[in-house]
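Asks: predicted model follows, preceded by the sequence.
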Amino acid sequence: MALSQCHKRTVSIISIALMLLIGGDVLAQHKLRVKRKDVKSLKELAEAHPETNYLVIKRAKLTELPKELALFKQLDSIDLYGNKIENIPDSAWDLLSNVAYLRLGKNPINYIPPGIAKLEKLRHLDLWNSDIYDFHPHLLTMDRLKLLDIRMTALSKAKVEEIVFVMQNTEVKTTRQCNCK
């Protein structure tokens, strides 16, 4: 089915904006969306789509990062929104070493461990609506990070203020969760 001209233009503008946001040149974006039922086929998908640089695995009930991510050699953007990832062990961060855009929002992850330092190319980290309440100090030293989204997290007011104060060259999106009744 052909996309409408308006939809094509919107997709194109979003692709260019994403590339500029993560600090890259405007290059062809090869996005691959993986549905829950296809997660077990990541190896085959990586072989069939070696050009993939943007991988979307949303709401697939993942509890950990699939090791097959390492098979996507061009991967620089990954969207893992709305899964069930509670923690990312230090060894798993190696799978993301070339990633510039990482979306972990709406996952029950509650701590960012020291392995975050392995993401030397990371420009955009989205933790929106996750259970993050703490992080390793390496996060504060990530000078290349241009955008950090910590809206609707469990971070204390003091932690949020620390992040904003220390990461002055990073756009930090913040709001506090409301436990209103």
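Replies: On my side now, so go ahead.

Asks: low-confidence regions, the protein specifically.
Replies: Applying pLDDT under 70 to the chain flags the ranges 1-28, 176-181.

Asks: which SSE is K159 in?
Replies: Element membership for K159 (DSSP states H and E) is helix 157-166.

Asks: what are the buried residues along that helix?
Replies: Buried residues in helix 157-166, defined by neighbour count with 16 or more other Cβ atoms under 10 Å: 159-160, 163. Any C-beta I mention is one placed from the backbone N, CA and C, and that applies to glycine too.

Asks: which of these lies closest to R103?
Replies: The shortest distance between R103 and any of the buried residues of helix 157-166, using Cβ to Cβ, involves I163 and amounts to 18.0 Å.

Asks: chain neighbours aside, what residue packs nearest to the closest one?
Replies: Residue nearest to I163 in three dimensions, not counting chain neighbours: V172, with 5.8 Å by Cβ to Cβ, 6 or more residues apart in numbering.

Asks: just T170 next, same as before
Replies: Using Cβ to Cβ, 6+ apart and skipping the chain neighbours, the partner closest in space to T170 is L145 (4.9 Å).

Asks: what about that neighbour, neighbour count?
Replies: L145 has 21 neighbours, counted by other Cβ atoms under 10 Å.

Asks: repeat that for the one 3 residues further on.
Replies: Close neighbours of L148, defined as other Cβ under 10 Å, add up to 20.

Asks: same question, L139
Replies: Neighbour count for L139, taken as other Cβ under 10 Å: 22.

Asks: try T175
Replies: Applying the criterion other Cβ under 10 Å, we find 13 residues in the vicinity of T175.
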